[in-house]
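J.: what follows is a protein structure lacking sequence information:
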């Protein structure tokens with residue numbers, strides 16, 4: 001299935017950071033799943049553009065950075081963000097969260113891991 005036909009792309013979502021190494025993870029605004037990419041590890045990754053950028057502390061360096069485009073993947077190998085398409089989703093969808101630190105190519109289909117930084121675990125829900 002191509003990203004164009006992926007029902008997850010275009011969904012409005014709420015990403016909740018449960019743990020990012022800081023004492024108080026930031027609250028994130030709603031966002032939109034803008035695309036999906038395949039990693040060199042053959043897993044699917046989804047890019048979420050937040051409605052508003054969020055400046056916050058980066059736990060790894062204690063510097064400030066901005067969260068705007070996030071890369072998400074299910075925490076469990078057998079899970080899929082496709083579950084978000086079904087409104088009756090009951091269990092939380094646990095995800096690993098990375099921040100885009102260098103812009104991703106607009107038409108690239110393979111995720112370049114050197115352009116992102118994993119920083120958190122959390123959940124994603126349909127808005």
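T.: Perfect, thanks for sending it. All of these numbers come straight from a predicted model, not from anything done at the bench.

J.: the most centrally placed residue in the chain and residue 64, how far apart?
T.: With distances taken as C-alpha atoms, centre = their mean, residue 72 lies nearest the centre of the chain, 2.8 Å away. From residue 72 over to residue 64 the distance is 22 Å, taken as C-beta to C-beta, to the nearest Å. (Glycine included, C-beta is placed from N, CA and C.)

J.: in stretch 22-37, what counts as buried?
T.: 25, 28, 31, 33-37 (16 or more other C-beta atoms under 10 Å).

J.: what strand or helix carries the residue nearest to the centre of the chain?
T.: Residue 72 is located in strand 63-74, with elements delineated by DSSP states H and E.

J.: all strands of the protein, in order?
T.: With DSSP state E as the criterion, the chain has strands at 12-19, 31-39, 44-58, 63-74, 93-100, 110-111, 116-126.

J.: which of the ones you listed sits most buried?
T.: Greatest average neighbour count among those goes to strand 93-100 (a mean of 20), per mean count of other C-beta atoms under 10 Å.

J.: give me the helices and strands touching that strand, please.
T.: strand 12-19, strand 63-74, strand 116-126 (3 or more C-beta pairs under 8 Å, 6 or more residues apart in numbering; DSSP states H and E).

J.: okay if I get those as a markdown table plus distance to residue 101 and mean pLDDT?
T.: Formatted as a markdown table, the helices and strands packed on strand 93-100 follow (distance: least, C-beta to C-beta, whole Å; pLDDT from 0 to 100):
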| stretch | distance to residue 101 | mean pLDDT |
| --- | --- | --- |
| strand 12-19 | 17 | 96 |
| strand 63-74 | 8 | 96 |
| strand 116-126 | 5 | 95 |
